[in-house]
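Undergrad: predicted model, plus sequence, below.
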Amino acid sequence: MKMRHLMALAAAVLATVSFLLSGVSGFDFYKLSLTWPPSACNIGRECIPYIPGMFTVHGLWPQYANDTPVPPYAQDPTCTTITPTDPSQIPAQLQPIEDRLHENWPSFYPDRTGTRDDPTFWRHEWEYHGMCSDYPNDTLGYFTETLNLAQNNNPLTVMGIQPSDTTLHEVKTILDAVKNKSKVYPQIVCNTLPRVTTLQLVEFRFCFKRAKPPSVLQDCPKKLAGDCKNETDEIRFPPAPPISSIKDEL
Ligand SMILES: *[C@@H]1O[C@H](CO)[C@@H](O)[C@H](O)[C@H]1NC(C)=O
Ligand SMILES: *[C@@H]1O[C@H](CO)[C@@H](O)[C@H](O)[C@H]1NC(C)=O
Ligand SMILES: *[C@@H]1O[C@H](CO)[C@@H](O)[C@H](O)[C@H]1NC(C)=O
């Protein structure tokens, strides 16, 4: 009992010291969230016409050890002692890597006028996750490191499965394949294909030890999220719609 209190105190002191040194609060790890566009776009929500068959970036999220996200700066500005870059600066700050961002960090959901709007997505991620990261005043660094992490950690090379319209996979099989290949458990997020109510993989998340830049993988604290509740759940991993079918729709 006493030992536990002592350890808790030591952890609190350590968190405070690191806060004072880094200017950023005591979160525990980063979660790199990658989207599988075919699953995000086949459930009835309006998407942009071109759905790539590759994982794209959703975001890089500072998380506490219990897997809750650090609240956005607007809700709790005590997360950093550094004045973070204002979200209005996002388009100007990201101009040097704009092409790379459009390709790897697209927004699939068009705005009210039906237009693809990637910068609003990037701005949202900055407001909700970037401002309280270890990069509060280095927007370019935060987005560049996130792109690098996504480039160096492709779920397709460790999942042991290929996209298919028909095959179902037990979630546990995928988790174990990733554990075998990358030595860590990811988090798998599912959504549900309407009508047939089949579960499908919509996001794949890698967890990284907190570092600047993050690079060392660790087990994700929670292996399942979204509609997947049990490792015995059977899920699909659908292929991208063929380009020709998109042309037909246009
Ligand atoms: C961020 O803020 C710190 C502390 O105020 C400062 O030392 C550093 O130069 C700033 N970095 C950038 C990229 O502005
Ligand atoms: C993972 O590796 C273990 C031990 O090498 C093996 O028994 C198991 O079948 C592997 N699982 C997967 C899903 O590849
Ligand atoms: C997962 O499903 C299996 C088989 O259907 C069941 O035995 C087990 O209790 C379930 N686990 C949880 C955590 O719900």
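TA: Yep, that arrived. What you are looking at is a predicted structure, and each value in this text was computed from that prediction instead of being measured. Ligands and ions are numbered 1, 2, ... in the order given.
Undergrad: ranges for the helices of this protein?
TA: 2-22, 37-40, 90-94, 98-104, 118-125, 139-152, 171-182, 243-249 (DSSP state H).
Undergrad: let me see the mean pLDDT of the last one.
TA: Predicted confidence along helix 243-249 averages 54 (mean pLDDT).
Undergrad: for the most centrally placed residue in the chain, report the pLDDT, please.
TA: Centroid check for the chain by Cα atoms, centre = their mean gives Ser33 as the closest residue, at 1.4 Å. As predicted, Ser33 sits at a pLDDT of 98.
Undergrad: that one is in contact with Gln63, isn't it?
TA: No: if you go by Cβ atoms under 8 Å, Ser33 and Gln63 don't touch, sitting 10.5 Å apart. C-beta coordinates here come from the backbone N, C-alpha and C atoms, glycine included.
Undergrad: Leu201: what's its closest spatial neighbour, skipping adjacent residues?
TA: Nearest non-adjacent residue to Leu201, counting by Cβ to Cβ, 6 or more residues apart in numbering: Phe237, 5.0 Å away.
Undergrad: I'd say the one you found and Gln200 touch.
TA: Yes: using Cβ under 8 Å, Phe237 is in contact with Gln200, at 6.8 Å.
Undergrad: what touches both of the two?
TA: Ser39 (Cβ atoms under 8 Å, 6 or more residues apart in numbering).
Undergrad: export the longest strand along the chain as PDB, just CAs?
TA: Ranked by residue count under DSSP state E, the longest strand found in the chain is strand 198-209. Only the C-alpha atoms of strand 198-209 are listed here, as PDB (Å, rounded to 0.1, in the frame of the first residue of the first chain):
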ATOM      1  CA  THR A 198     -21.500  -7.000 -41.500                       C
ATOM      2  CA  LEU A 199     -18.600  -5.600 -39.400                       C
ATOM      3  CA  GLN A 200     -15.700  -4.200 -41.300                       C
ATOM      4  CA  LEU A 201     -12.300  -2.700 -40.500                       C
ATOM      5  CA  VAL A 202     -12.500   1.100 -40.900                       C
ATOM      6  CA  GLU A 203      -9.500   2.300 -38.900                       C
ATOM      7  CA  PHE A 204      -6.100   0.800 -37.900                       C
ATOM      8  CA  ARG A 205      -4.200   2.500 -35.100                       C
ATOM      9  CA  PHE A 206      -0.600   2.100 -34.100                       C
ATOM     10  CA  CYS A 207       0.600   3.300 -30.700                       C
ATOM     11  CA  PHE A 208       4.000   4.900 -30.100                       C
ATOM     12  CA  LYS A 209       5.900   5.700 -27.000                       C
END
